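*Asks:* Give me the fold of what follows.
(one chain, ligands or ions: 3)
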Amino acid sequence: MEFDTVIHGGTIVTASEQYRGDIGIRDGRIIAVAERLDGGERRIDAGGRLVMPGGIEAHAHIAQESASGIMTADDYLSGSISAAFGGNSSFIPFAAQHRGQSIDDVIATYDALSKPSVIDYSYHLIVSDPTEAVLTEQLPRAFARGITSLKVFTTYDLLNIGDAGMLDILSVARDHGALTMVHAENHAIVAWMNRELATRGMTAPKYHAISRPELAEEEAINRVITLAQLAGAPLFVVHVSTAGGAARVQRARAEGAIVFAETCPQYMALTRDDLDRPGMEGAKYICSPPVRDTATQDALWRHVQTGTFDSVSSDHAPYRYDETGKLMHGPDAPYSKIANGMPGIAARLPWLFSEGVAAGRLRPEEFVALTSTNAARIFGVDKKGRIAPGMDADIAIWNPETVRTVTLEDQHDNMDYTPFEGMELTGVPEIVMNRGTVIVEHGELRAKEGQGRFVARSRIDLTGRPGVAVKETALMHAAEGRE
Ligand code: DUC
Ligand code: ZN
Ligand code: ZN
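*Replies:* Ligands and ions are numbered 1, 2, ... in the order given. Okay, the predicted model is just below:
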């Protein structure tokens, strides 16, 4: 067999096993995995290294203008480079609809923006305006093009689609085999807390942490799971930040509901004390839902370890600590006017490897599942997330022992801070490949601008997952002649 590249002598890690073996690559694909492979125009010595599927970052905001008009600091060039340095071979950022905009227009906009990407990409849609045309014509067109997931919100004045809108979206997604993702926080609770805090003059960044109570997330997750059950639709709950929310997901799954979920490193690495840093520094740690406390961190870790979470994603939402981002509304802006989100696309995998695998909380196989394989399966990225013949050669070769202190410079993004600054992490992705091409090698970028390709994704495979039957909808469908 002729190989372009052979990776030899490493420990191959998949979501289910690890073994010593060689990987043969040709034309961007893995064509052989064996105990020993000779040949190869290039031979990469992976001795002493872990050879894993490249990360799939399934939650990132890139070249995205928020509903209130703030642009993320990263575009598809800087965002994809940062992702690559962090061990990712592909990502799925959001393509966000602003109210009044057609979905076709949204996709055309992001198709233009995504061209410079150095890694493969797809988009999740964000739908904020589920009109009849969106539901009946535009979304089905997007699904047919392989954009098979969309995200909706239960909060934010300009994004919240309400329970009825949620049912409409869930139903359309279900009918087309698409997956609905949700940002779940109770809008009224958040609005009420904001008012209460404002009347008390409590506007410093640290009050953001209490403006969005844990109960707001727990209630909304519970409600959206209920709505998804009624609609008979699968659901993916993004950025779960509370023990109660995670427990609700866990219970729903035990009852047979088709619910997937993720959490993010910041909810296990940071606490609300970080929002109470001197001056306005706390603004850097404002994200929604907010970071919580150490008890929550422990609970989220338990849910990561016991399978409640399918993925750990970054929720990279990069707003600089200056007038283009966090401080757009002035150097003393109240927390309610400070952009929600923090960067983390380069830190996600090193942080999870260090705190998970190196710290003895996770097996390497679980790390692979949480960072690549599960996302590929859930979001229909059929050719990625696994090391096996026929798959894209999206591979990250990790040195599991190198210790590195996180610096802003290492992130390679367009940000002026990283919330992970100064953390000492064990484990580094030394070589990262996308479709057989080395894109990062020992701290050097090898990728060419624009070499990433759009990935059309499959519809969600729910074989063996009937969900939970709801009597009334079953009766309605039976009366209509459907099963
Ligand atoms: N939700 C996200 O997913 N990212 C940034 C802000 C938000 O509310
Ligand atoms: Zn969100
Ligand atoms: Zn997000």
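*Asks:* my guess is residue 387 meets residue 30, correct?
*Replies:* Yes - in this structure, residue 387 is within contact of residue 30 by C-beta atoms under 8 Å, at 6.4 Å. In this view, the C-beta of every residue, glycine as well, is placed from N, C-alpha and C.
*Asks:* Common neighbours of these two, please.
*Replies:* Applying C-beta atoms under 8 Å, 6 or more residues apart in numbering, one finds that residue 387 and residue 30 are jointly contacted by residue 23.
*Asks:* So which residues of the stretch 1-150 of the chain form strands?
*Replies:* 5-13, 18-26, 29-34, 42-45, 50-53, 55-60, 88-96, 120-121, 124-126, 149-153 (DSSP state E, counting those that start in this stretch).
*Asks:* need those in a markdown table with mean neighbour count and mean pLDDT, can you?
*Replies:* Below are the strands of the stretch 1-150 of the chain laid out as a markdown table (neighbours: other C-beta atoms under 10 Å; pLDDT from 0 to 100):
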| stretch | mean neighbour count | mean pLDDT |
| --- | --- | --- |
| strand 5-13 | 22 | 98 |
| strand 18-26 | 20 | 98 |
| strand 29-34 | 18 | 98 |
| strand 42-45 | 16 | 98 |
| strand 50-53 | 27 | 99 |
| strand 55-60 | 30 | 99 |
| strand 88-96 | 28 | 99 |
| strand 120-121 | 24 | 99 |
| strand 124-126 | 24 | 98 |
| strand 149-153 | 24 | 98 |
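*Asks:* need those in CSV with distance to ligand 1, can you?
*Replies:* CSV is the format used below for these (distance: least, C-beta to the nearest ligand atom, whole Å):
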stretch, distance to ligand 1
strand 5-13, 29
strand 18-26, 33
strand 29-34, 33
strand 42-45, 36
strand 50-53, 24
strand 55-60, 7
strand 88-96, 8
strand 120-121, 17
strand 124-126, 9
strand 149-153, 7
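*Asks:* so which of those comes closest to residue 418?
*Replies:* strand 55-60 (14.8 Å; C-beta to C-beta).
*Asks:* tell me the angle the closest one makes with strand 88-96.
*Replies:* 20 degrees (axes from the mean of the first three to the mean of the last three C-alpha atoms, to 10 degrees).
*Asks:* Nearest the middle, which residue of this protein would you pick?
*Replies:* Of all residues in the chain, the one closest to the mean position by C-alpha atoms, centre = their mean is residue 59, 2.2 Å from it.
*Asks:* Just the CA trace of the helix or strand hosting residue 172, in PDB.
*Replies:* In the assignment (DSSP states H and E), residue 172 maps to helix 162-175. This file holds the C-alpha atoms of helix 162-175, laid out as PDB (Å, rounded to 0.1, in the frame of the first residue of the first chain):
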ATOM      1  CA  GLY A 162     -41.000  31.600  23.700                       C
ATOM      2  CA  ASP A 163     -42.500  28.200  24.400                       C
ATOM      3  CA  ALA A 164     -44.800  28.200  21.400                       C
ATOM      4  CA  GLY A 165     -41.900  29.200  19.100                       C
ATOM      5  CA  MET A 166     -39.800  26.400  20.700                       C
ATOM      6  CA  LEU A 167     -42.500  23.900  19.900                       C
ATOM      7  CA  ASP A 168     -42.600  25.000  16.300                       C
ATOM      8  CA  ILE A 169     -38.900  24.700  16.000                       C
ATOM      9  CA  LEU A 170     -38.700  21.400  17.700                       C
ATOM     10  CA  SER A 171     -41.400  20.000  15.500                       C
ATOM     11  CA  VAL A 172     -39.800  21.100  12.200                       C
ATOM     12  CA  ALA A 173     -36.400  19.900  13.300                       C
ATOM     13  CA  ARG A 174     -37.900  16.500  14.300                       C
ATOM     14  CA  ASP A 175     -39.700  16.200  10.900                       C
END
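*Asks:* From the contact counts, what lies against that helix?
*Replies:* Helices and strands touching helix 162-175, by 3 or more C-beta pairs under 8 Å, 6 or more residues apart in numbering; DSSP states H and E, are helix 139-144, strand 149-153, strand 179-183, helix 214-231.
*Asks:* In this structure the residue nearest to the centre of the chain contacts residue 237, no?
*Replies:* No - between residue 59 and residue 237 there is no contact under C-beta under 8 Å: 11.4 Å.
*Asks:* any shared contact partners between these two?
*Replies:* Joint contacts of residue 59 and residue 237 (C-beta under 8 Å, 6+ apart) are residue 262.
*Asks:* Alongside ligand 1, which residues does the stretch 151-300 of the chain contribute?
*Replies:* Counting by C-beta under 6 Å from any ligand atom, the stretch 151-300 of the chain comes close to ligand 1 at 183, 238-239, 288.
*Asks:* Tell me how many other residues crowd the closest residue to residue 117 other than its chain neighbours.
*Replies:* Excluding the flanking residues, the one nearest residue 117 by C-beta to C-beta, 6 or more residues apart in numbering is residue 452, at 3.5 Å. Residue 452 is flanked by 27 other residues according to other C-beta atoms under 10 Å.
*Asks:* What of residue 223?
*Replies:* When neighbours are counted by other C-beta under 10 Å, residue 223 comes out with 17.
*Asks:* Next, the contact list for it, please.
*Replies:* 154, 163, 184, 186.
*Asks:* Bridged to the closest residue to ligand 1 within the stretch 51-200 of the chain, which residues?
*Replies:* Distances between the stretch 51-200 of the chain and ligand 1 by C-beta to the nearest ligand atom are smallest at residue 183, namely 5.1 Å. Counting by DSSP bridges, residue 183 forms beta bridges with residue 153.
*Asks:* right, and it touches residue 161 too?
*Replies:* No - between residue 183 and residue 161 there is no contact under C-beta under 8 Å: 10.8 Å.
*Asks:* where do the contact lists of these two overlap?
*Replies:* By C-beta under 8 Å, 6+ apart, the residues touching both residue 183 and residue 161 are 152-154.
*Asks:* residues touching residue 266, list them.
*Replies:* Contact analysis of residue 266 by C-beta under 8 Å, 6+ apart lists 285, 287, 291, 315, 342, 344, 419.
*Asks:* Please tell me I have it right and the third one contacts residue 274.
*Replies:* To tie it back to what came earlier, the one meant is residue 291. Yes - using C-beta under 8 Å, residue 291 makes contact with residue 274 at a distance of 6.5 Å.
*Asks:* Look at the two and report which has more neighbours.
*Replies:* residue 291 (25 against 21).
*Asks:* do you know how far the nearest residue to that one once chain neighbours are set aside is from ligand 1?
*Replies:* In this structure, residue 291 finds its nearest non-sequential neighbour in residue 270, 4.3 Å apart by C-beta to C-beta, 6+ apart. Between residue 270 and ligand 1 the computed distance is 15 Å (C-beta to the nearest ligand atom, to the nearest Å).
*Asks:* if we can go back for a sec, looking at residue 183 and residue 161, which is more packed in?
*Replies:* Neighbour count, other C-beta under 10 Å: between residue 183 and residue 161, residue 183 has more, with 22 against 18.
*Asks:* Tell me the residues of the stretch 301-450 of the chain that contact ligand 1?
*Replies:* So the stretch 301-450 of the chain meets ligand 1 at 315, 317, 340-341 (C-beta under 6 Å from any ligand atom).
*Asks:* What count of nearby residues applies to residue 447?
*Replies:* Quick note: residue 447 (other C-beta under 10 Å) scores 22 neighbours.
*Asks:* same question, residue 156
*Replies:* Quick note: residue 156 (other C-beta under 10 Å) scores 17 neighbours.
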